[in-house]
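Attaching a predicted model along with its sequence, questions to come.
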Amino acid sequence: MKKSFLITVVLALFFVSVGLVSAQEMTDVGTPRNETLIFQTFDRQTQTPDQHNPLMNFAVWRGFRELGWGFLWETDTGTGESYPELAAEMPIPLNDEFTSFEVRLKEGVYWSDGEEFNADDVIFTLDAYFDLVGTSTWFGVNRITQYVSDYEKIDDYTVRIDTINPAYDFSTVLGVYTWGSAFIIVPEHVFSEVENLAEFRNTYPVTIGPYVVKEFDPNGFWQLWELREDWERSAWGFLDDDGYMPQYILYKDFGPEETRSLSFVQNAYDVDTFMSPDSIKAAQARNEYITTFSPDMPYHNMDDACGYGVLMNMQRAPLDMLEVRWALALSLDLANVGINSVNGEFVASPLPMVDTQILRPIYFEPLIPWLEEFTLPDGYQPYNANWSVEFVDALGQMGAQDLPEDPTDFGIGWWKYDPEEAANLLSSVGFTQNAEGIWLLPSGEVWDLEFVIPGDWNKVMQRVGFSIADSWRRSGINVNTVQVDNAEFGVVQNTNAERTTMLNWTNCIFNPNYLNSWNNVELEYVNNADETATNDGNQYQWANETVDQLVHESKQMETTTEEFYEIGRQIIQEFVTDMAYINIMNIPTTIPTNEYYWSGFPKRDDYYAVPYSWWSSAKEIIASIEPTGR
Amino acid sequence: MGLIQYISSRVGAYLIVLFVGITITFFLPRLMPSDPIEGYIAQMQNQAGQSMNPETIRELRASLRKLYGLEGTLIEQYVDYLERIILRFDFGPSLASYPRPVSEFIFNSLPWTLGLLGTSLVISWVIGNLIGLVAGFYHNSRWATFLETLGVILYPIPYYILALVLILLFAYIWPIFPLSTTIMPGDFSWEKINSIIYNSFLPALTLVLAGFGWNILGMKALSFANKEEGYVTFARLKGTPSRTIMFGYVFRNSILPQITALALSIGGIFNGALLTEILFSYPGLGLLMRTAIGSGDFNLLYGTIIMSIVSVATAALIIDLIYPLLDPRIRYR
């Protein structure tokens, strides 16, 4: 009796404990945690969580592009090359001018309501774009209607599209360049029933991607997606090769960094967005499953398309003088700026584009000999080829660990930090210094340099900006640093009257087609120094006839040819010679992952995609990760 | 001054305050160098999604300016704005989320703000004043000293620090409450109410603790002063029970300034609780206002600020009108 009682108790305890252990952990939104991939939202909160109509400005950062939609051509973020997604193959040029293309569509791709995707969807969307000019707030409508001149359906799976100008970038304008497309195809069978497309919210959309919206927070803090049963016949189901995709994907805001890092330690989510290096280290110390992109410094991926740099109003004195712009570059102590603002985790770039694994072999490495020989008009050689080695030494002396074997992981080099030469350059154009060492203009007045930086809506840039200002101040430049809001930042960027210098990240080039950023660096878009009307183009407001000619020429070229690249290198040389833009560093994208529930995120030694959850790379990540079974 | 004159002078002042407030609200954001259209264009340019050629930028800029009603002179826009606000109480469409009306955003956020701030304000006011009363009335007792010390300690702690400490204690070390707010959508049910209370408890607790220190100190000072008044001494000599003196004499006379402060604080609720909303990812008017400023969304900004002006002014008007009922010493003549 006693023995059987004891066995019963032991068995009961065993089953209770097994039950406790195997009790499935649930997310805050009621899904099994080990079946839910959770991303921190890119924009924290959205005011329009129910707006999923891509013909209007929509809730961009909630997985819409990555999970719900598909595009004609996508970008492989590991290589920068385009590949067909909804299209069956790359566009077929129909004439030598590259102004007419045949687009063949895949057969057997289905919308989430079971309708097959076909040419009617493409034609309807193009019709809608042209109808909505003047009433849509989505920039894609203007982009496409200023790009496409004519189109027609050839058959159910083929369309012809003509463009206004030669379109060598056809697959990245009607497809994806980095994170999104201007051309988002909508389901004809749904949208054709809507009376007013400008007011249609499309709250629970019929999608063509492998996920559908399951639930969302009306206050815009989270959105839950669920895998379609027929996901394999969706736009990008073909990316998956093991038959497994996460059942749920949740985008959720976990609060400011202080609380977010606590949630991360508690395994409440899997992928963060722009957590500061300090918080990442603190979180790693408390949770062994929190990992970074690389085990060595820089710990994070640095292959973002955009970089931070100083944009100047080159039409306004004294920044219209070459010597003054170079003086600013040579007064900038980049090592110090990088250590102070981003813990030394960055890649320096002396050229006006980001130094990434895609662009380095094409534009950086061929120009190293030229950079080493390059001289300013006074004979000075400003390039420091040894910058990365010196930087690694400096980090080592400060006690930094996990330093890379190859110093060029921090960049190929940068400009010398040489306040003495900067002083020579300023003196050569009539600048003088007062008793306190402050630089005076040739007129004798103090040189007050306004430097606009983002406020706390972009904390990394804010820190970088303050560090740059500090560096200039140490060289005797009287810098007035002005922090502005997002909306004012845009005004300063695009209005000469408002801009003197600003820290900016508008210089974005991901694949070798530099025209993505430089297509309008032309003379006709240069305005007067104090023009109050906004600029339509030429963000640098740089009047360089050679570059104007080169940009014109390159628009008539196939963008993947050596000839095209060579013109790009010539434009870069002009940028450097004129110091038209003080490029500083690639955006340090600090994206830690928590691998308690999922493994297989992109890492330096398994670099199949950039690790960003808000780019096309999310598709590759979702198709590649594996549950850990925890 | 008769009753009607008293009321009409107060209502007149109220209307003037509203008009001036509404006018300043229109012109002030326009003096800022923000522009919702340039903000949007820069966002598209800077995020590398797609290149924007000059023709695209030009056309987009023109069509957005027209859609947003930003064409015409400033005076024309002002007249249109007054007409919309005064005649129809219509704030127009949000510029950043066009064509959605601003009123939709405000009415989505308002219940959350009212629920959280209203509840925590009243709790903090009631508890703070009761503690202050006891601390002031029995100022020599050890308990009174302790309660006063509590107020002195809590009052100066910056809200952000206080909130973080509570988060660390009750959401991380002892994870009783969630670190961020998650409330499932759907119709009202007991389950949903439970979820709202569970998610709102920690934000509310931080607001109560941050607010009641000031109420303790204010009430303590007032009740301490009042208990030394002649009528209290007389009541005591007459043998009136201590509790009656405390509530019937000291409390009634001490509470009047606190009621004014409460009324104005209720008006202030409409500003939202930005830090709370940021820290706890809690929906509300504070975040809405912050978004409006950041994106240069003039209409949304007008909507949220005018709501706040109307609320504070109305609260002040109501206090003006009912004060004679609360304080017999005040009479219109």
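Thanks, I have the structure now.

tell me, how many neighbours does residue A:538 end up with?
23 (other CB atoms under 10 Å in any protein chain shown). Any C-beta I mention is one placed from the backbone N, CA and C, and that applies to glycine too.

Hmm, it is touching residue A:517, no?
No - assessed by CB atoms under 8 Å, residue A:538 is found out of contact with residue A:517, at 11.1 Å.

give me the element the residue in the stretch 1-150 of chain A positioned nearest to chain B is part of.
Using CB to the nearest CB, the closest approach of the stretch 1-150 of chain A to chain B is made by residue A:28 at 3.7 Å. Applying DSSP states H and E as the criterion places residue A:28 outside every helix and strand.

What is the neighbour count of it?
For residue A:28, the neighbour count with other CB under 10 Å is 20.

pretty sure it contacts residue B:178?
Yes - using CB under 8 Å, residue A:28 is in contact with residue B:178, at 6.7 Å.

All the helices of the stretch 1-150 of chain A, in order from the start?
A:2-22, A:119-131, A:139-145 (DSSP state H, counting those that start in this stretch).

what does the stretch 501-630 of chain A give?
With DSSP H, counting those that start in this stretch as the criterion, the stretch 501-630 of chain A has helices spanning A:515-518, A:545-554, A:562-578, A:617-624.

Any part of the first one near chain B?
Yes - when contact is scored as CB under 8 Å from any CB of the partner chain, part of helix A:515-518 falls within range of chain B: A:515, A:516, A:517.

Buried subset of the residues you listed as a ChimeraX selection?
Applying 16 or more other CB atoms under 10 Å in any protein chain shown to these leaves a buried subset, and the ChimeraX line that selects it is:
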select /A:515,516,517
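
What helix or strand is residue A:154 located in?
Going by DSSP H and E, residue A:154 is in strand A:148-155.

What residues sit buried inside that strand?
Buried residues in strand A:148-155 (16+ other CB under 10 Å): A:148, A:151, A:153.

Quick one: mean pLDDT for that strand?
What strand A:148-155 shows for mean pLDDT is 97.

which one of the helices of the stretch 1-150 of chain A has the lowest average pLDDT?
Across these, helix A:2-22 has the smallest mean pLDDT, namely a mean of 47.

By mean pLDDT, point me to the weakest helix or strand of the chain.
Since no chain was named, I'll use chain A. helix A:2-22 (a mean of 47; mean pLDDT, DSSP states H and E).

Can you look at chain B instead?
Across the helices and strands of chain B, mean pLDDT, DSSP H and E gives its lowest value to helix B:36-46, namely a mean of 78.

got the contact list for the closest residue to chain A within the stretch 101-250 of chain B?
With CB to the nearest CB, the shortest gap between the stretch 101-250 of chain B and chain A falls at residue B:182, namely 3.7 Å. With contacts defined as CB atoms under 8 Å, 6 or more residues apart in numbering or on different chains, residue B:182 is in contact with A:28, A:29, A:217, A:221, A:222, A:252, B:199.

cutoff 10 Å now
A:27-30, A:217, A:221-222, A:250, A:252-253, B:195, B:198-199, B:281 (CB atoms under 10 Å, 6 or more residues apart in numbering or on different chains).

pretty sure it is in a helix, no?
No - if the criterion is DSSP: H, G, I helix; E, B strand; the rest coil, then residue B:182 is coil and not within a helix.

any idea how far it is from residue A:250?
10 Å (CB to CB, to the nearest Å).

and for those two, which residues touch both?
Between them, residue B:182 and residue A:250 share the contacting residues A:27, A:28, A:29, A:222, judged by CB under 10 Å, 6+ apart.
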